[in-house]
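Asks: Predicted model and sequence below, questions to follow.
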Amino acid sequence: MSPRDERRRSSWRTPPLTRADPDFDAAPRARRRILCVFPRYAPSFATFEYARPLAPGVTGFMPPQGLLLVAAALPPEWEVRFFDENVEAASPADFDWADAVFASGMHIQKRELHDICARAHAAGKPAALGGPSVSAAPELYPDFDYLHVGELGDATDALIGRLARDVARPAAQVAFTTVARRPMSEFPVPAYRLAAMRSYFLSNVQFSSGCPYMCEFCDIPGLYGRVPRLKSPGQLLAELDALLAEGVIGTVYFVDDNLVGDRKALLALLPHLIDWQRRNGYAVSFACEATLNIARSPDILKLMREAGFDTIFCGLETPEPEALKAIQKSHNMAVPILDAVAAINAHGMEVVCGVIMGLDTDRPDTGERILAFIEAAGVPFATMNLLQALPKTPLWERLAREGRIDEDPARESNVVFKAPYDETLAMWRDAMARAYAPEALYARFERQTRATRPNRLPRPWSRQRLSPRAVGFGLVVLARLLWRVGLRGDYRRVFWRFALRRLRERRIEPIVSTGLIAHHLILFARDAASGRGAASHYSTKRRDAPAAEACVAPATEVGKSVFARNATLS
């Protein structure tokens with residue numbers, strides 16, 4: 001039986017749901033068949049399209065934690081099929097099989113969500129939508145039959161109760177809004193076994209939800225609250241065990257909005273993670289998102305190092321103090337920014353930082369100042385985006401009052417910048433070209449390899465880390481890198497300069513991990529500099545998917561000119 005057929009025939013067994021909604025039918029329920037479909041992403045900084053052809057069997061970036069949680073929370077007698085269309089598209093036969101279709105997604109996936117709804121309706125099936133986009137802006141989805149607004153809770157029970165009684169499409173849209181959220185301590189293990197977990201670049205878990213900070217551009221506090229809610233350490237370890245059972249290797253990403261939002265809870269969790277890693281031979285490494293002021297907690301950083309955390313994503317946004325104050329992100333200045341990055345690096349963890357251009361405080365030299373910071377900090381990977389106003393954020397509300405929201409689909413951002421639009425866009429493209437020129441990028445990776453990686457906790461040569469799948473995966477990636485980049489790539493000299501040093505040191509892993517990431521960043525930046533790539537992860541401007549063999553193609557003429565013009569400055 002193929003993996004697809006196994007997922008089709010699987011139904012996820014979970015404890016019975018609480019029936020908080022008085023309209024929920026407690027009588028024996030008919031068996032239902034639910035098709036869960038997660039939409040495709042547009043290519044972006046964070047989805048690693050260009051790295052995937054180098055990784056055997058990898059077709060998606062990271063599994064959709066939310067929809068897998070919903071699949072696990074459905075009644076145990078219901079059958080569930082799950083498709084992440086970044087990995088494999090649901091077929092017309094899958095829609096015909098279902099009694100109802102569930103979808104979830106973010107604003108960037110709005111077009112694809114409407115397409116899923118249209119396919120469900122073409123099959124005569126009701127379509128239900130949940131997730132962050134509909135929870136923030138339900139008015140964007142008038143075509144769906146059911147809206148699930150908010151997190152798992154009484155709205156989930158009400159939706160299940162409605163479908164238990166009747167799977168006909170309703171005469172008018174029905175919206176269920178969560179008032180009583182289910183405690184995270186009662187969340188089931190996400191339905192990982194319904195997904196093709198080996199098809200993902202990263203795996204993921206969630207420990208907490210919510211963030212105590214109120215950054216102007218962020219929708220997290222509005223969606224999930226300012227007081228972090230938590231799972232128990234036992235729950236999280238059960239999820240990690242489930243991932244290992246699915247054959248996961250590599251990196252597990254904590255998708256928490258801010259892992260250090262509740263420092264006391266994180267301090268209590270980390271010893272459990274350390275014990276789990278030791279029991280499992282450090283089978284995986286961890287990555288997470290946290291505010292930069294984690295640098296004030298050396299006790300946490302020390303334990304994170306022992307637990308095998310290798311990367312922390314920090315929303316830097318800008319190195320300019322006046323800009324941080326304006327966007328309500330003064331907590332980034334709790335420790336001088338360069339000192340904070342150095343403190344994290346000293347514990348063996350690389351910093352990936354988010355950077356925003358198009359802020360009201362930007363100046364003509366903002367791009368230069370951001371590039372100077374990236375160079376000074378030695379941060380290899382900075383996700384540079386143009387500012388985008390998300391619905392229901394303080395930024396959206398302020399700009400709407402000022403008449404500065406522009407939803408023209410031809411624009412790269414929905415914000416009317418204070419600086420001229422074309423100048424801001426050109427500054428972003430210039431910064432992308434210079435930051436990710438192969439020489440500049442590999443120089444930063446070289447610095448991290450020499451200065452940060454030696455601070456990591458040495459990992460044992462365990463049977464888990466030396467499993468046939470893990471070793472085979474690494475060897476295939478290495479072979480593809482050597483062929484596509486080392487022999488056929490147009491930046492092969494830069495690659496070999498880095499790789500030969502590692503080969504002399506008898507260290508293969510940095511060649512594999514750095515080569516994968518660098519390849520994506522270099523090619524994605526070329527798209528950005530030429531105008532083919534999106535200037536924001538949230539940009540809704542239509543673009544073609546990247547070509548599978550783009551790694552051996554030269555940059556476009558526009559891209560070449562930008563790279564050549566700035567080569568000496570990077």
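Replies: Yep, that arrived.

Asks: list the helices and strands the helix or strand where A93 lies packs on?
Replies: Per DSSP states H and E: A93 is located in helix 92-97. Helices and strands touching helix 92-97, by 3 or more C-beta pairs under 8 Å, 6 or more residues apart in numbering; DSSP states H and E, are strand 33-38, strand 79-84, helix 110-122. (Glycine included, C-beta is placed from N, CA and C.)

Asks: Let's have these in TSV, adding mean pLDDT and distance to P298.
Replies: Below are the helices and strands packed on helix 92-97 laid out as TSV (pLDDT from 0 to 100; distance: least, C-beta to C-beta, whole Å):
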stretch	mean pLDDT	distance to P298
strand 33-38	98	39
strand 79-84	98	39
helix 110-122	97	43
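
Asks: between these, which gets nearest to W496?
Replies: With C-beta to C-beta, the closest approach to W496 among the helices and strands packed on helix 92-97 belongs to strand 79-84: 36.1 Å.

Asks: Direction included, what does the closest one pair up with?
Replies: Strand 79-84 has the following sheet partners, assigned by DSSP bridges: strand 33-38 (parallel).

Asks: orientation of the helix or strand following the strand it pairs with relative to strand 33-38 in degrees?
Replies: Using DSSP H and E, the helix or strand that follows strand 33-38 towards the C-terminus is helix 65-73. Counting by axes from the mean of the first three to the mean of the last three C-alpha atoms, to 10 degrees, helix 65-73 points 170 degrees away from the direction of strand 33-38.

Asks: Output helix 65-73 as PDB - backbone C-alpha positions only.
Replies: What follows is helix 65-73, C-alpha atoms only, in PDB (Å, rounded to 0.1, in the frame of the first residue of the first chain):
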ATOM      1  CA  GLN A  65       0.400  22.400  12.600                       C
ATOM      2  CA  GLY A  66      -3.000  24.000  12.900                       C
ATOM      3  CA  LEU A  67      -4.900  21.900  10.400                       C
ATOM      4  CA  LEU A  68      -3.200  18.700  11.700                       C
ATOM      5  CA  LEU A  69      -4.400  19.600  15.200                       C
ATOM      6  CA  VAL A  70      -8.000  20.000  13.900                       C
ATOM      7  CA  ALA A  71      -7.700  16.700  12.200                       C
ATOM      8  CA  ALA A  72      -6.700  15.100  15.500                       C
ATOM      9  CA  ALA A  73      -9.500  16.800  17.300                       C
END
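
Asks: any idea of the mean pLDDT in it?
Replies: For helix 65-73, mean pLDDT rounds to 97.

Asks: What is the biggest helix by length in the chain packed up against?
Replies: If you go by DSSP state H, the chain has its longest helix at helix 509-530. The criterion is 3+ C-beta pairs under 8 Å, 6+ apart, and the helices and strands that helix 509-530 contacts are helix 421-435, helix 438-451, helix 468-481, helix 492-504, helix 557-566.

Asks: so which of the ones you listed gets nearest G367?
Replies: helix 421-435 (4.2 Å).

Asks: Show me which positions of the closest one end up buried.
Replies: 421, 424-425, 427-435 (16 or more other C-beta atoms under 10 Å).

Asks: and the angle from the helix or strand hosting V352 to helix 509-530?
Replies: According to DSSP H and E, V352 maps onto strand 350-357. Orientation check (the same axes, to 10 degrees): strand 350-357 against helix 509-530 gives 10 degrees.

Asks: Deepest-packed of the helices and strands packed on helix 509-530, please.
Replies: helix 421-435 (a mean of 21; mean count of other C-beta atoms under 10 Å).

Asks: Show me what that one is packed up against.
Replies: Applying 3+ C-beta pairs under 8 Å, 6+ apart, one finds that helix 421-435 makes contact with strand 350-357, helix 366-377, strand 382-386, helix 509-530, helix 557-566.

Asks: re earlier: just send the helices and strands packed on helix 92-97 back as a markdown table, with distance to V512 and mean neighbour count too.
Replies: Converted to a markdown table, the helices and strands packed on helix 92-97 look like this (distance: least, C-beta to C-beta, whole Å; neighbours: other C-beta atoms under 10 Å):
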| stretch | distance to V512 | mean neighbour count |
| --- | --- | --- |
| strand 33-38 | 28 | 25 |
| strand 79-84 | 25 | 24 |
| helix 110-122 | 32 | 19 |
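
Asks: can those go into JSON lines with extra columns for distance to V351?
Replies: Below are these laid out as JSON lines (distance: least, C-beta to C-beta, whole Å):
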{"stretch": "strand 33-38", "distance to V351": "29"}
{"stretch": "strand 79-84", "distance to V351": "29"}
{"stretch": "helix 110-122", "distance to V351": "31"}
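
Asks: Quick one, which of these gets closest to V58.
Replies: Among the helices and strands packed on helix 92-97, if distance is taken as C-beta to C-beta, the winner is strand 79-84, at 12.6 Å.

Asks: Need the contact partners of that closest one.
Replies: 7-8, 10-12, 31-38, 60, 63-64, 67-68, 71, 74, 89-90, 94, 97-98, 191, 194-196 (C-beta atoms under 8 Å, 6 or more residues apart in numbering).

Asks: Give me the average confidence score over the helix or strand that contains W276.
Replies: Assigning secondary structure by DSSP H and E places W276 in helix 263-279. The pLDDT scores in helix 263-279 average 98.

Asks: hang on, the earlier thing: wait, which of the helices and strands packed on helix 509-530 is closest to R526?
Replies: Closest to R526 of the helices and strands packed on helix 509-530 is helix 557-566 (C-beta to C-beta; 4.4 Å).

Asks: in the stretch 401-550 of the chain, which ranges drop under the pLDDT threshold?
Replies: The stretch 401-550 of the chain contains residues with pLDDT under 70 at 537-550.

Asks: Please, which helix or strand holds the spatially closest residue to F254 that is not a sequence neighbour?
Replies: Spatial nearest neighbour of F254, chain neighbours left out: C288 (3.9 Å); criterion: C-beta to C-beta, 6 or more residues apart in numbering. Element membership for C288, per DSSP H and E: strand 284-289.

Asks: Skip ahead from that strand and say which helix or strand is next.
Replies: For strand 284-289, the succeeding helix or strand toward the C-terminus, using DSSP H and E, is helix 298-307.

Asks: That following helix: which residues count as buried?
Replies: 300-301, 303-307.

Asks: my guess is A470 contacts G247, does it?
Replies: No - contact criterion C-beta atoms under 8 Å: A470 and G247 do not qualify, at 9.8 Å.

Asks: can you give me the helices for the stretch 151-300 of the chain?
Replies: 154-165, 220-224, 233-245, 263-279, 298-307 (DSSP state H, counting those that start in this stretch).

Asks: Done for today, thanks.
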